[in-house]
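1. Following is a predicted model, sequence given first.
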Amino acid sequence: MANWTQLGLQDASSPIMEELIYFHDYTLIVLTLITTIVFYGLASLVFSTNTNRFFLEGQNLETIWTIIPAIILVFIALPSLQLLYLMDEVNTPFLTLKAIGHQWYWSYEYADYRELEFDSYMIPTDELNNGEPRLLNVDNRVILPSQTPIRVLVSSSDVLHSWTVPSLGIKMDAVPGRLNQVNFFLSRCGVFYGQCSEICGANHSFMPIVVESTNFNNFENWVINFLNESLIS
């Protein structure tokens with residue numbers, strides 16, 4: 001059975017994604033109005049029996065349908081450029097995470113903590129627990145603190161990948177031999193799912209991303225426990 005809540009975008013988990021949703025809704029309203037007016041005009045011309053030839057070929061009409069679309073494009077371009085600026089703005093990050101794509105899994109390194117790194121593989125379908133999403137859950141999640149500016153450095157060890165988490169408004173290509181950077185701010189706690197969105201080979205659809213956002217105290221406890229387990233092993 002179809003779920004109507006799946007027709008829209010995912011709930012925003014970062015300020016950038018909130019702005020992207022606002023811009024999407026705003027542009028959709030503009031496009032709906034344009035489509036309605038154009039179809040009304042076409043229907044009037046098709047079904048009208050008294051169409052004025054001088055009206056269709058008039059200089060005034062051509063001037064109007066040239067100026068109005070230009071004005072509409074300005075009203076779409078201004079918020080779009082503002083959003084692009086906000087997405088490219090580089091703030092001083094509190095935490096830096098490095099994500100490296102492999103065929104076909106992700107590895108992560110926390111640059112601010114020594115020896116805090118791990119690989120993240122998809123959990124096979126036959127090993128999932130009840131309620132866990134198929135093809136989206138991993139054995140090692142990325143744990144990050146909420147309400148904190150975070151920088152992610154994205155690269156690849158073999159072919160092109162793409163580190164994508166829709167609810168955070170993030171989609172950054174992983175290019176071999178190059179570091180790409182993306183910044184975001186987790187506005188709430190929760191678990192957010194993503195996938196590689198670059199066709200990177202036969203198992204392209206089997207390298208998901210799971211970001212778990214928690215409060216800073218829980219994040220510190222996780223770091224301490226992880227490092228202690230690494231020392232023991």
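-> Looks like it arrived, so ask away. In this text the structure is predicted, and so the values were computed from the model without any measurement.

2. got a pLDDT number for residue 157?
-> Listed pLDDT for residue 157 reads 92.

3. State the number of residues packed around it.
-> Using other C-beta atoms under 10 Å, residue 157 has 13 neighbouring residues. Using the backbone N, CA and C atoms, a C-beta is placed for each residue, glycine as well.

4. cool, residue 183 as well?
-> Neighbourhood size, residue 183 [other C-beta under 10 Å]: 19.

5. Could you tell me which other helices and strands the one helix or strand it maps to packs against?
-> Using DSSP states H and E, residue 183 falls within strand 180-185. Packing partners of strand 180-185 (3 or more C-beta pairs under 8 Å, 6 or more residues apart in numbering; DSSP states H and E): helix 15-47, strand 149-156, strand 170-174.

6. Which residues does the following helix or strand past it contact?
-> Using DSSP H and E, the helix or strand that follows strand 180-185 towards the C-terminus is strand 190-196. Here strand 190-196 makes contact (C-beta atoms under 8 Å, 6 or more residues apart in numbering) with 13, 101, 104, 106, 133, 135-136, 141, 161-168, 170, 204-205, 207-213.

7. show me what contacts residue 216?
-> By C-beta under 8 Å, 6+ apart, the contact set of residue 216 is 145, 146, 147, 148.

8. Could you pick out the buried ones from the residues you listed?
-> Those of these that meet the buried threshold are 145, 146, 148, by 16 or more other C-beta atoms under 10 Å.

9. nearest to residue 31, of those residues?
-> residue 146 (34.5 Å; C-beta to C-beta).

10. just checking, that closest one touches residue 213?
-> Yes: taking C-beta atoms under 8 Å as the definition, residue 146 is a contact partner of residue 213 at 4.5 Å.

11. Which neighbours do these two have in common?
-> When contacts are counted by C-beta under 8 Å, 6+ apart, the set common to residue 146 and residue 213 consists of 186, 188, 189.

12. what's the closest non-adjacent residue to residue 113?
-> Excluding its sequence neighbours, the residue lying closest to residue 113 (C-beta to C-beta, 6 or more residues apart in numbering) is residue 223, at 6.0 Å.

13. Specify the local secondary structure of the one you found.
-> Here residue 223 is helix, with the state taken from DSSP: H, G, I helix; E, B strand; the rest coil.

14. List the contacts of it.
-> Residue 223 makes contacts with 110, 113, 116, as judged by C-beta under 8 Å, 6+ apart.

15. Likewise for residue 174?
-> Applying C-beta under 8 Å, 6+ apart, we find residue 174 in contact with 99, 100, 101, 154, 155, 156, 160, 161, 162, 163, 180, 198.

16. Separate out the buried members of those.
-> Those of the contacts of residue 174 that meet the buried threshold are 99, 100, 101, 154, 155, 156, 161, 162, 163, 180, 198, by 16+ other C-beta under 10 Å.

17. how about those, which pair is most distant?
-> 100 and 198 (13.9 Å).

18. Residue 156 against residue 101, yeah?
-> Yes: with contact defined as C-beta under 8 Å, residue 156 counts as touching residue 101 (4.3 Å).

19. which SS class is the closest residue in space to residue 18 that isn't next to it in sequence?
-> Once flanking residues are discounted, residue 18 sits nearest to residue 12: 4.2 Å by C-beta to C-beta, 6+ apart. Under three-state DSSP, residue 12 falls in the coil class.

20. these two touch, right, residue 12 and residue 24?
-> No: Residue 12 lies out of contact with residue 24 (C-beta under 8 Å); the separation is 10.9 Å.

21. which of the two has more neighbours?
-> Between residue 12 and residue 24, residue 12 has the larger neighbour count (other C-beta under 10 Å), namely 19 against 12.
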